[in-house]
Structure formats: structure tokens, C-alpha cells
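Asks: What follows is a predicted structure for the sequence shown.
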Amino acid sequence: MFIATLIAAHLPEGEVSAAYDRLDAAGCLPVATVWLEAGEACDLQFGRDMVAARTALEGHGYDVVVQSAEHRRKKLIVADMDSTMITVECIDELADYAGIKAEVALVTEAAMRGEMDFGEALDARVALLRGMDEGVIDRCLAERVEITSGARELVRTMRANGATAILVSGGFTRFAEPVAREIGFDRAIANVLEVTDGKLTGTVTKPIVDSATKLATLSEAMLDLRLMREETLAVGDGANDLAMITQAGLGVAYHAKPVVAQAAGARIDHGDLSALLFAQGYARKDWVTA
């Protein structure tokens with residue numbers, strides 16, 4: 001059995017009925033509709049062909065996650081930070097304090113789209129921060145970093161139900177570690193900005209955290225926790241998230257760059273991160289909010 005979860009801020013019954021009909025016309029053998037949250041999230045259960053189901057259901061103004069009903073509730077989440085668990089790219093915001101945000105943001109965008117090597121892009125951007133006062137990091141964290149809506153609920157609910165949560169970022173530990181604590185992750189992995197005499201040196205400690213690190217983090221956690229691939233979830237927005245997203249049981253492109261959205265097994269284009277709780281079958285009454 002398979003499940004297509006439809007998620008929207010306002011999901012009318014008529015749209016769910018139309019979606020059911022589209023599944024039927026596509027030969028997916030729909031058998032039932034089950035509301036997770038009235039007017040917000042509904043499961044469509046069907047018998048075959050996930051690819052045809054995605055094709056039939058995507059592009060109608062709501063988010064849709066199509067998956068096997070088995071192992072729906074995941075036991076591991078590995079998540080990106082910048083523009084996923086938080087709303088900004090930290091390196092761009094740091095650069096803003098030096099008056100070079102536009103220059104740095106262009107490189108960030110190219111790297112996230114997969115148009116530049118991530119390591120080269122990271123080194124080039126960090127080099128531009130050479131000489132910045134270390135105190136700007138804490139100022140940026142306090143003034144610019146905002147947790148994405150639904151992030152706390154997603155991670156805390158999953159952990160309360162026995163899952164492990166790992167934040168793995170191509171950004172920096174000075175942001176990732178406090179963000180991970182605030183949201184509720186078990187641990188955080190990120191790059192280390194090097195500092196001498198209270199000033200950024202314009203370098204990061206090698207080896208860097210990149211796409212390979214993210215994939216290795218997922219793979220190693222699966223082994224350590226003795227999990228099957230189907231029991232894992234990975235979520236991110238940029239090209240350096242693609243390897244872990246394509247290898248997870250449920251790989252999610254979150255408001256992602258085109259290269260990621262096209263390759264991911266699931267995508268969230270409209271809603272916030274709480275959509276991934278609906279995708280796992282959690283009704284709003286079951287969410288952990290504190």
C-alpha cells in the first residue's frame with residue numbers, strides 16, 4: 001500500500017476529491033481518504049505506481065508527499081541548516097556586516113545551484129571575511145538568524161517518538177551548534193571558522209563539511225542505529241544536500257534550488273517544515289511544541 005499526503009494551509013474537500021479522481025484516472029487504484037488535520041492535510045491511500053501518482057498530483061497548489069505506507073514514521077532525520085532549518089544563509093549575513101553581501105550572495109547562489117564546486121566557493125567567500133571581528137558572529141546570530149517555522153515541532157516530535165536528529169551544515173559551528181540546541185537536535189556537524197587574536201583569518205579548518213560529509217553522516221548514523229534506508233529522512237535545499245537526499249528513505253527538497261527539486265523523492269514548495277510531520281502521519285494534536 002502507498003500513501004499520498006496532500007498538505008496546504010487551506011485544503012478543501014473538493015480538492016481532495018479531485019486528487020482522488022486524478023489518481024484513479026492514472027491507474028493508481030486509490031482506495032481511501034484519511035484526514036490527518038481537517039482542512040490542512042489528508043492521506044490518499046492507493047495500490048500501485050508512485051511515479052504515476054506524483055505526476056498526477058503535483059502542480060496543483062498544494063504540497064504532496066508520495067511514499068510507501070511501510071516505515072512511514074522515520075527513525076533518523078539528517079537536516080541541512082541554512083535556508084532549511086533557519087531562514088537565512090549565515091555567510092551572506094556575515095558578509096552584510098562587511099558591506100559585501102551582494103558579492104558573497106552571488107557565489108552562494110551559484111554553489112547552491114550546483115554551478116560551482118562547493119569547497120572552492122566556501123573558501124572564496126570565507127576569504128572575503130578576513131579581518132572581521134569575531135564578535136560579529138554573535139551579533140549576526142542574535143540579529144539575523146531565525147528558526148524556520150515548523151523546525152522545532154518537526155525535530156522535537158520525531159525525537160519524542162524515538163528518532164535521532166542530526167544537523168549537518170556546510171556553514172559554521174558558531175551558528176550550527178546554538179541552532180541545533182534551540183531546535184532540539186542530538187548533535188550538529190559544521191565547518192569551523194578559524195580565528196586569531198579575535199579576528200577571522202579568512203579560512204576554515206580542513207577537511208570541510210560538504211556534500212560527501214552529509215552523505216557519510218547519513219550512512220554512518222544508519223549503521224550505528226541499525227536502521228534500514230526506509231527508516232531515514234534527509235532534508236535540504238541546495239546542491240550540496242543532493243547526495244544525502246537521494247539516498248535517504250524519504251529525501252525532501254525544501255523550497256529548494258531546481259537541481260535539487262527535480263531529483264528529490266519529495267518536495268515542499270508551499271508549506272513550512274511541519275509538512276514533514278503530516279508526511280509521517282502525525283496529526284497536529286500529536287506534535288511536540290515545547
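Replies: Right, received. Where do you want to start?
Asks: Tell me, how many residues neighbour residue 120?
Replies: 11 (other CB atoms under 10 Å). Glycine gets a C-beta too; all of them are placed from N, C-alpha and C.
Asks: Relative to residue 202, how far out is it?
Replies: For residue 120, the distance to residue 202 (CB to CB, to the nearest Å) stands at 14 Å.
Asks: With residue 272 instead?
Replies: 35 Å.
Asks: And the contacts of the lengthiest helix in the chain?
Replies: Counting residues, the longest helix in the chain under DSSP state H turns out to be helix 211-225. By CB atoms under 8 Å, 6 or more residues apart in numbering, the surrounding residues in contact with helix 211-225 are 75-76, 78, 80, 118, 164, 166, 168, 170, 189, 207, 227-229, 232, 234, 236, 239-244, 247-248.
Asks: Run the chain-centre distance for that helix.
Replies: Centroid separation for helix 211-225 versus its chain: 16 Å, with CA atoms, centre = their mean, to the nearest Å.
Asks: Now the element after that helix, going C-ward?
Replies: strand 232-236 (DSSP states H and E).
Asks: now for that following strand, which elements pack on it?
Replies: The helices and strands touching strand 232-236, judged by 3 or more CB pairs under 8 Å, 6 or more residues apart in numbering; DSSP states H and E, are strand 76-79, helix 211-225, helix 242-247, strand 250-254.
Asks: Off-centre distance for it?
Replies: Distance, centroid of strand 232-236 to centroid of chain: 6 Å (CA atoms, centre = their mean).
Asks: That one - what's its average pLDDT?
Replies: In this model, strand 232-236 has a mean pLDDT of 98.
Asks: now stretch 86-99
Replies: pLDDT averaged over stretch 86-99 gives 95.
Asks: Any buried residues in it, and which?
Replies: 86, 88, 89, 90, 91, 92, 93, 94, 95, 96, 97, 98 (16 or more other CB atoms under 10 Å).
Asks: Please apply the same query to stretch 129-140.
Replies: 129, 132, 136, 137, 140.
Asks: With respect to residue 114, which of these is nearest?
Replies: residue 129 (23.4 Å; CB to CB).
Asks: Touching, the closest one and residue 95? I think so.
Replies: Yes. Using CB atoms under 8 Å, residue 129 is in contact with residue 95, at 6.8 Å.
Asks: got a list of what the nearest residue to residue 162 once chain neighbours are set aside touches?
Replies: The shortest distance from residue 162 to any non-neighbouring residue, by CB to CB, 6 or more residues apart in numbering, is to residue 75 (6.4 Å). Neighbouring residues of residue 75 by CB under 8 Å, 6+ apart: 162, 163, 164, 225, 227, 231, 232.
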